[in-house]
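Undergrad: Sequence and predicted structure are below.
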Amino acid sequence: MANILTAEDRILTTHMGSAPRPPALLDLMKAKAEGGYDPVAFEIRVSAAVETCVREQADVGIDIVADGEEKTSFLLYVQDRLAGLEPRPGKAFPGKAFRGLKRGAPLFLEDFERCFQNAISMGAPIADVPIVCAGPIEYVGEEQLHRDIENLRTAASKIDCSAAFMSSVAPSAVGANEYYPSDEQFRYASGEALRAEYEAIVAAGFLLQIADPFLPALFSDPSLTSAHAERQAWAYVDALNHTLRGIPAEKIRYHVSCARAGAARTVKLPFVDLALHMLRVNAGAYSFDAAEARYEEDAELRRVIRLPAGKVIMPGLISHANDIVEDPESISDRLIRFADWVGRDSVVASVDSGPSWRSAAGSNVEPEAIWSKFEALCEGAERASRRLWS
């Protein structure tokens, strides 16, 4: 049976979920986060933004499209969808010192501070307030989810695309536990609640993407030893697979979302450690950041990691962390290297984490530049396909 994520004669293109948001929508998202917004105006704006975003994806050549996460910021997402959570201003974030970056490595902290301050001053809907679980977790987002599904369904019906996907948050990203007797019970309860969303997305005919910032952060949390991180990763993936039970693996894309920003750094994620656990997730495709030079994986990755039969990798080959439109020929060369590793039928060209946040956070980054990057990705995939299928 053919994989819906691949074609018989070329490399398909996709992205990690988010896309540039119109300034007017960003303003409404910020107003919503602050509690003073017009719900009707917001829904009208979101519907129009999704239709425009999906059309622009098709226009630049993206094969597997999404709603662009125009509906919300994932920083606020779980508060809208799950009961039992509450903001806790003043509470320290676990592993606050830039989780997702390598233990003990140097950071240019002034540049990170500037980056986040720019994001806030430019109106990005960032709510830097810890969320805690203070009661039983229950899914309450049915109405919002129905609107999201209908918005994407309507937009996708007006274009020609190979498939459409919708992102949902992993059970890990729902806050700190202050209610359940153990973090394990909290994780399983969160997963059971989110299953309602996962199943509804697949039932609507879309691919489900699980966006997960937790697994990468485990291997970079300065408070954890390597052995402790390994134990937590094993337990976490077991819990995630329990949540995904019964959902066909070929309908699931698993995206490891690395906690990074467009600021100077000299570190990279220990990706081999992460990848061994990433591939344990019962998904059909695995999405990961691969755009920056420091994330160009070496021979160790190819030696240690073996992609299971029938699975697909979706390396993010264009970066949110710089304003330069990548060279399609370079993208083509990298796709061919990935194809040499896992086979040409097991690669989908994708984008790394965060382009919509980047375009919102920097006044010198226009949405048109992000779309130009997407276009370069598609041209690079076309060039690689000609070489691989010639």
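TA: Thanks, I have it.

Undergrad: Count the neighbours of the residue lying closest to residue 255 once chain neighbours are set aside for me.
TA: Closest residue in space to residue 255, ignoring its immediate chain neighbours: residue 287 at 3.9 Å, by Cβ to Cβ, 6 or more residues apart in numbering. Any C-beta I mention is one placed from the backbone N, CA and C, and that applies to glycine too. By other Cβ atoms under 10 Å, the residues close to residue 287 number 30.

Undergrad: swap in residue 34?
TA: Residue 34, neighbours per other Cβ under 10 Å, totals 10.

Undergrad: how about it, phi and psi?
TA: For residue 34, the backbone dihedrals (degrees, to the nearest 10) come out as phi -90, psi 0.

Undergrad: And the pLDDT at it?
TA: pLDDT, residue 34: 74.

Undergrad: quick one: secondary structure of the residue nearest to residue 255?
TA: Using DSSP: H, G, I helix; E, B strand; the rest coil, the secondary structure recorded for residue 287 is strand.

Undergrad: and it, what does it touch?
TA: 16, 209, 253-256, 313-316, 350 (Cβ atoms under 8 Å, 6 or more residues apart in numbering).

Undergrad: likewise residue 348?
TA: Shown in contact with residue 348 (Cβ under 8 Å, 6+ apart): 5-6, 11-14, 64, 285, 312-314.

Undergrad: Which one (most neighbours) among the residues you listed?
TA: residue 14 (30 neighbours).

Undergrad: Next up, phi/psi of the closest residue to that one other than its chain neighbours, please.
TA: Spatially, and ignoring its direct neighbours in sequence, residue 14 is nearest to residue 64 (3.8 Å; Cβ to Cβ, 6+ apart). Backbone torsions of residue 64, given as degrees, to the nearest 10, read phi -110, psi 100.

Undergrad: Once you drop chain neighbours, what's closest to residue 70?
TA: residue 49 (4.1 Å).

Undergrad: Dump the helix or strand containing that neighbour to CSV, keeping only the CA atoms.
TA: Under the criterion of DSSP states H and E, residue 49 resides in helix 39-60. Only the C-alpha atoms of helix 39-60 are listed here, as CSV (Å, rounded to 0.1, in the frame of the first residue of the first chain):
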residue,chain,number,x,y,z
PRO,A,39,-14.9,36.5,19.5
VAL,A,40,-16.9,37.0,16.3
ALA,A,41,-14.3,39.2,14.7
PHE,A,42,-11.6,36.8,15.8
GLU,A,43,-13.3,33.7,14.2
ILE,A,44,-14.0,35.7,11.0
ARG,A,45,-10.3,36.7,10.8
VAL,A,46,-9.0,33.2,11.5
SER,A,47,-11.2,31.7,8.8
ALA,A,48,-10.0,34.2,6.2
ALA,A,49,-6.4,33.7,7.4
VAL,A,50,-6.5,29.9,7.0
GLU,A,51,-8.0,30.2,3.5
THR,A,52,-5.3,32.6,2.5
CYS,A,53,-2.5,30.6,4.1
VAL,A,54,-3.5,27.3,2.5
ARG,A,55,-3.8,29.0,-0.9
GLU,A,56,-0.3,30.5,-0.5
GLN,A,57,1.1,27.1,0.4
ALA,A,58,-0.3,25.6,-2.8
ASP,A,59,0.9,28.6,-4.8
VAL,A,60,4.5,28.1,-3.8
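
Undergrad: Relative to residue 233, how far out is residue 152?
TA: Separation of residue 152 from residue 233 (Cβ to Cβ, to the nearest Å): 32 Å.

Undergrad: So between these two, which is more surrounded?
TA: Using other Cβ under 10 Å, the more surrounded residue of residue 152 and residue 233 is residue 152, with 27 against 21.

Undergrad: does that one belong to a helix or a strand, and which?
TA: helix 142-156.

Undergrad: Would you pull up how far that helix lies from the middle of the chain?
TA: Chain-centre distance of helix 142-156: 19 Å, with Cα atoms, centre = their mean, to the nearest Å.

Undergrad: helix or strand right after it?
TA: Later in the chain than helix 142-156, the nearest helix or strand by DSSP H and E is strand 163-169.
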